[in-house]
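Visitor: my questions concern the predicted model and sequence given below.
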Amino acid sequence: MRIHFIAIGGSVMHQLAIALHQAGHLVSGSDDEIYEPSYSRLQKNGLLPTAIGWFPDKLSTNIDAVILGMHARKDNPELLQAQQLGLKIYSYPEYIYEHSRNKERVVVAGSHGKTTTTSMIMHVLKYNGYDFDYLVGSTSDGFEQQVRLTADAPVIVIEGDEYFASPIDLLPKFLHYKHHIGLLTGIAWDHINVYPDFDDYVKQFEKFVVQTPKAGTLVYCEEDNLTALVCGSNKIREDVTSLQYQTHPYSITNGLTYLQTEKGKVPLKVFGQHNLQNISGAKLVCNRLGITDEQFYAAIQHFKGANKRLELLAKKGNTHIFRDFAHAPSKMLATTQAVKEQFAEQQLVVCAELHTFSSLNKNFLPQYAHTLAEADVAAVYFNPKTIAHKKLAAISVEDVKNGFQRADLQVFMDIEAMKQFLQNQNWAKANLLLMSSGTFDNVNLEELQSWIG
């Protein structure tokens, strides 16, 4: 097939393009901005557009399918050309569903933990020799790509988010996949640019729950109050199997976390209560796919985590430097608590970057109240240019302090000042946690050890 991608540089779009290219399809694409790592990956596979921008003449009646990314706009010239020519236009979740109609579809949804839980399920299935397709939001150990699509794999494991599918399809992505097994990790308001109303945000997850088919399975974390409310027994039909999970029993010894099981302790390479919840959810899904408890525990102890999810960047003496993708309030809270619990005897210095539309919105900032309470030293960085680029109202240092409800919060708008602040800390018995969905203004994270002396 000849397949053209509009906004090929997207985090999943470029991975899907590569997967289809490797499957033998003729793939082309366009975008008005392509950043790393999409740029290098597309270039490596010969799919990098020769010029940046939109070129309607790339579209013709020879194109079998157009896949439209959310980064494009309704008036995108290539989209308008495709519509005029009557070409078949898919959002990428629509395309994934069409490809997996005859597969058992596992979809992991929730405001947090989606990528890690999906990666855990993938890791366990691969470890035990299962054949499956997948779509996940980040790479992890043992998986070079984020998307795998084959003709023969009987199962596909999908990370499903609540964002709109495309600029002309405002259905949440996870509703397109029509799961047989659905997992809901937790619900905490996010994406205020897409769902400015909290109730409307929650309704998307209610739709996900209701969509579970006859003889299907819904797995959810009952320790999350809102999730438990949305998935309560009165909300789930009798013809649906409902499975609840909690934080897996565990212990921490000398900075290492162990699962407590009927057959003894299982050492882990990951830590934090949220990850122990993710493990419980992943286990229930894997059980439904035929994995025994023994097989699950044998595999999960080798799971190293998804990229940028509590990732250890460096270790210098007793000082650990972690990076996490956390940007939403619930993610910041869980990640901060995880590192503090794991290294209870050490000071914890946290630096969080406000980078998303929600986090830079003055009206949303109060959602971050007390999320950094577990940090011994807390700092927040934001770039006013990012706010201007997103066409948001300016925020002040006081707005951020009031939002986080922490009087001693250090707030920086100059990345060099933040680096100097870190260099001035006493790192003899302290750890550093960096949290952002951005890049801290493209700081070279390999130089982190020099930040801490």
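Guide: Nice, I can see it.
Visitor: so how far is Leu26 from the residue sitting furthest away from the middle of the chain?
Guide: No residue in the chain has its C-alpha farther from the mean C-alpha position than Thr61, which lies at 36.1 Å (C-alpha atoms, centre = their mean). Computed as C-beta to C-beta, to the nearest Å, the Thr61 to Leu26 distance reads 15 Å. Just so you know, the C-beta spots here come from the backbone N, C-alpha and C atoms, and that holds for glycine as well.
Visitor: ditto for Gly113
Guide: In this structure, Gly113 and Leu26 are 37 Å apart, going by C-beta to C-beta.
Visitor: these two: which has the busier surroundings?
Guide: The neighbour comparison of Gly113 against Leu26 (other C-beta atoms under 10 Å) goes to Gly113, with 27 against 13.
Visitor: now the more buried one. Nearest residue, chain neighbours left out?
Guide: Leaving out its chain neighbours, the residue that sits closest to Gly113 by C-beta to C-beta, 6 or more residues apart in numbering is Thr185, at 4.0 Å.
Visitor: rewinding a little: host element of the residue farthest from the centre of the chain?
Guide: Secondary structure from DSSP states H and E places Thr61 outside every helix and strand.
Visitor: tally up the residues packed near the closest residue to it other than its chain neighbours, please.
Guide: Distances taken as C-beta to C-beta, 6+ apart place Leu85 nearest to Thr61, at 5.9 Å, with adjacent residues excluded. Applying the criterion other C-beta under 10 Å, we find 14 residues in the vicinity of Leu85.
Visitor: residues contacting Leu85?
Guide: Applying C-beta atoms under 8 Å, 6 or more residues apart in numbering, one finds that Leu85 lies in contact with Leu59, Ser60, Thr61, Ile63.
Visitor: and what of Asn383?
Guide: Contacts of Asn383 by C-beta under 8 Å, 6+ apart are Met413, Ile415, Asp441.
Visitor: phi, psi of the last one?
Guide: For Asp441, the backbone dihedrals are phi 60, psi 40 (criterion: degrees, to the nearest 10).
Visitor: that one contacts Ala417, doesn't it?
Guide: No. Using C-beta atoms under 8 Å, Asp441 makes no contact with Ala417, being 11.7 Å away.
Visitor: out of those two, which sits in the busier spot?
Guide: For Asp441 and Ala417, the more surrounded residue by other C-beta under 10 Å is Asp441, and the numbers stand at 15 against 12.
Visitor: nearest spatial neighbour of that one, chain-adjacent residues omitted?
Guide: Excluding its sequence neighbours, the residue lying closest to Asp441 (C-beta to C-beta, 6+ apart) is Ile415, at 4.6 Å.
Visitor: low-confidence ranges in the stretch 301-450 of the chain?
Guide: Under the criterion of pLDDT under 70, the regions of the stretch 301-450 of the chain flagged as low confidence span 445-446, 448-449.
Visitor: can you classify Asp75 as helix, strand or coil?
Guide: Applying DSSP: H, G, I helix; E, B strand; the rest coil to Asp75 yields a three-state assignment of coil.
Visitor: and it, how many neighbours?
Guide: The tally of other residues near Asp75 (other C-beta under 10 Å) stands at 8.
Visitor: look through the chain and tell me its longest helix.
Guide: In the chain, with assignment by DSSP state H, the single longest helix is helix 273-288.
Visitor: mind giving me the packing neighbours of that one?
Guide: Under the contact definition 3 or more C-beta pairs under 8 Å, 6 or more residues apart in numbering; DSSP states H and E, helix 273-288 sits against strand 104-109, helix 114-127, strand 181-184, strand 217-221, strand 241-245, strand 256-261, helix 293-300, helix 329-342.
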